[in-house]
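Asks: Generate a structure from the sequence data that follows.
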Amino acid sequence: MRIAVTIDQPTGDFQDRLLALLAEHAAQVEIDTTWTIERAESYYRSLPTRARRIVEEAAIRDGYVPAEELRDDENSSLRGHSAALKRALDRGVTQGRWPDGMKAPIEPQGPGFGKVVGYRMPDDLVQTFYTAIANTKSSGPVDPHRLNEAVDSVQQLGELAKTTPRKTRATEQ
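Replies: Coordinates of the predicted model:
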């Protein structure tokens, strides 16, 4: 037997009782961590502009976008983009838009240090995200108040403030 349950915005008490019931029967419970068009739309809408561009470019390029297509010039950084993608995924879990354990829909590609060489979206997600992005664009503005973008920008500035400043010619003299 397979039962699918979708609960939009459950109250705290109801959610606690349901999770307790599911915990009792955890061996028979399977969490749906599939990216649907609705989940993809929600994820895409929650991204700041620059991160949204990465997801869109990957979807229209059959799952891979090289970094040079995203950089304004060869020396510009994509620093902070991965963090925005991860924060949107985590925010969706916190807000109950999808369950914990969802696979990231896009991942940075590179040697593990230095500049990112590109971003990859798994092949099985390309059509889902392509459709979600088309739906989002046809339904009007993505985030008119740009609240998520502002929050991510503040968080990125905080992360940058923690890093060691680069030496410049002025500081070397």
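Asks: where's Trp98 relative to Ala27, distance?
Replies: Trp98 sits 22 Å away from Ala27, taking C-beta to C-beta, to the nearest Å as the criterion. The way it works is simple: take the backbone N, C-alpha and C, and place the C-beta from them, glycine included.
Asks: which non-adjacent residue is nearest Phe129?
Replies: If the residues on either side of it in the chain are set aside, Phe129 comes closest to Ala59, at 4.3 Å by C-beta to C-beta, 6 or more residues apart in numbering.
Asks: Surely the one you found and Ala134 touch.
Replies: No. With contact taken as C-beta atoms under 8 Å, Ala59 and Ala134 are classed as non-touching, separated by 9.1 Å.
Asks: Could I get the full set of strands for the protein?
Replies: Using DSSP state E, the strands of the chain run over 64-66, 107-109, 118-120.
Asks: just the ones you listed: most buried one?
Replies: Highest mean neighbour count of the strands of the chain: strand 118-120, a mean of 20 (counted as mean count of other C-beta atoms under 10 Å).
Asks: Tell me the strands beside that one, with direction?
Replies: Using DSSP bridges, the neighbouring strands of strand 118-120 in the sheet come out as strand 64-66 (antiparallel), strand 107-109 (antiparallel).
Asks: And the contacts of it?
Replies: Strand 118-120 is contacted from outside by 54, 57-58, 63-67, 70, 106-110, using C-beta atoms under 8 Å, 6 or more residues apart in numbering.
Asks: Could I get the contacting residues of Glu68?
Replies: Applying C-beta under 8 Å, 6+ apart, the residues near Glu68 are Glu74.
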